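Asks: What follows is a protein structure lacking sequence information:
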């Protein structure tokens, strides 16, 4: 699974797919957190915990809340 994406749409789709797996019960929260933080650290679309607005539109509100929560939790630790 790639961590670095040059295309913002692919990055957003990947993040959304990860959260969807979590919502479907196919991935634990801890595994989701590890994967999302790996992607966040490797990409420019997310800087200082802030997700670019064009990514937010693709990710969707519900998945975005989970991603922001994970970023915030890892930012403070």
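Replies: Nice, I can see it. Because the structure is predicted, anything quoted here is derived from the model rather than measured.
Asks: What lies in contact with the strand or helix carrying residue 18?
Replies: Element membership of residue 18 [criterion: DSSP states H and E] is helix 8-23. For helix 8-23, contacts defined as Cβ atoms under 8 Å, 6 or more residues apart in numbering pick out 2, 5, 27-29, 32, 35-36, 39, 43, 45, 52, 54-55, 57-60, 62-63, 66-67. To be clear about C-beta, it is placed using only N, CA and C from the backbone, and glycine gets the same treatment.
Asks: Quick check: which ranges of the chain have low pLDDT?
Replies: Counting by pLDDT under 70, the chain contains low-confidence ranges at 1, 45, 77.
Asks: what ranges do the helices span in it?
Replies: 8-23, 29-42, 53-59, 61-75 (DSSP state H).
Asks: Near the residue nearest to residue 68 when sequence neighbours are not counted, how many other residues are there?
Replies: In this structure, residue 68 finds its nearest non-sequential neighbour in residue 51, 7.3 Å apart by Cβ to Cβ, 6 or more residues apart in numbering. Applying other Cβ atoms under 10 Å, we find 19 residues neighbouring residue 51.
Asks: My guess is residue 51 contacts residue 66. True?
Replies: No: counting by Cβ atoms under 8 Å, residue 66 is not a contact partner of residue 51; they are 11.9 Å apart.
Asks: check contacts around residue 51.
Replies: Here residue 51 is in contact with 45, 59, 64, 67, 68 (Cβ under 8 Å, 6+ apart).
Asks: How many residues are close by the second one?
Replies: Yep, that's residue 59 we're talking about. 21.
Asks: show me the contacts for it.
Replies: Residues in contact with residue 59 (Cβ under 8 Å, 6+ apart) are 12, 15, 16, 19, 51, 67.
Asks: can I get those residues in a markdown table with distance to residue 73?
Replies: What follows is these, written out as a markdown table (distance: Cβ to Cβ, whole Å):
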| residue | distance to residue 73 |
| --- | --- |
| 12 | 21 |
| 15 | 16 |
| 16 | 19 |
| 19 | 15 |
| 51 | 15 |
| 67 | 11 |
